[in-house]
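Colleague: structural data only, the sequence is not supplied:
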């Protein structure tokens, strides 16, 4: 039987643990709080993150990282992007020499502008062939309700992607494989920033034309960055690109969309953080995404606008006026 260790018992970590258990895997679900692990084991629910959802019997919760990692074929990492480096440094010694490390995180590291797979390879000292990415339009609450969804299992080694695909294929969850790890990760990271922008527009009371424009030009922005970094442009028209972008920009279940909506309604950054409660990856990653774009000489006006609102305190009305007054250009530039 395939064994998986899921590091992170938040809503998405718990939902993906459900998927793997439903696919026939034995799953250890790690979280830092022993009391919550005990509650999960005793009640078969995670009341803090997925209240009311019954968890499969194939999941065992623990607060002991070594216990979770023992014998794992897959170590699935589902923590906030900016905490990955520190957390993985503590977990790496417990991982087996053949364990495949799987990133479910959608962010770019601040300071280094590294993708999550790059951080994993660096910290754990493993080759790219042992690092995979699972991404796509995967809102945790809908997955936990076992509503039909699809995803992308990506690895530079296609056989590893296929192994991950088999480990999380269920009647309601359909993963496809891809070897374009760069494109898949960029799609997931940048869509959070565009999700913030669409949320801000929503909070300002702007209509569907405005939001459709942000989604479409946001996808163009993502694709430009991907091309500069050697990604396959077709990736951005698939689940890891357009699919994830649509879900994030259109659903009230999206943390980034909700966070942006609160900013658009006039909340301060601190008020929006308090209201959202869980991590909205785009809030911090928008700075590192912009940094990544500048390092590659890529113009990213929507990302720049989001950074100016979120971190520089620019009023959304002023930022919107500046964005709309940019010089005219052909659509494909």
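Modeller: Ah, there it is. All values reported here derive from a predicted model rather than from experimental measurement.
Colleague: give me the low-pLDDT residue ranges for the protein?
Modeller: For the chain, the stretches with pLDDT under 70 are 333.
Colleague: domain-wise, how is it divided?
Modeller: 3-179, 190-324 (automatic domain parsing).
Colleague: can you redo these as JSON lines with distance to residue 330 and mean neighbour count?
Modeller: In short, each C-beta sits where N, CA and C put it, glycine included. Converted to JSON lines, the domains of the chain look like this (distance: least, C-beta to C-beta, whole Å; neighbours: other C-beta atoms under 10 Å):
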{"stretch": "domain 3-179", "distance to residue 330": "28", "mean neighbour count": "20"}
{"stretch": "domain 190-324", "distance to residue 330": "11", "mean neighbour count": "20"}
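Colleague: check which helix or strand residue 273 maps to.
Modeller: Using DSSP states H and E, residue 273 falls within helix 269-276.
Colleague: for the closest residue to residue 300 other than its chain neighbours, give me its contacts.
Modeller: Computed as C-beta to C-beta, 6 or more residues apart in numbering, the closest residue to residue 300 that is not its neighbour in sequence is residue 293, at 4.1 Å. By C-beta atoms under 8 Å, 6 or more residues apart in numbering, the contact list for residue 293 reads 225, 299, 300, 303.
Colleague: if we go to 10 Å?
Modeller: 108, 113, 190, 221-222, 224-225, 228-229, 299-301, 303-304 (C-beta atoms under 10 Å, 6 or more residues apart in numbering).
Colleague: correct me, but residue 332 touches residue 220?
Modeller: Yes. Counting by C-beta atoms under 10 Å, residue 332 touches residue 220, with 8.0 Å between them.
Colleague: C-terminal to the helix holding residue 273, what's the next element?
Modeller: Sequence-wise, the next helix or strand downstream of helix 269-276 (DSSP H and E) is helix 281-295.
Colleague: for the residue minimising distance to the centre of the chain, give me phi and psi.
Modeller: Geometric centre of the chain, nearest residue: residue 106, 2.8 Å, by C-alpha atoms, centre = their mean. With angles defined as degrees, to the nearest 10, residue 106 sits at phi -130, psi 80.
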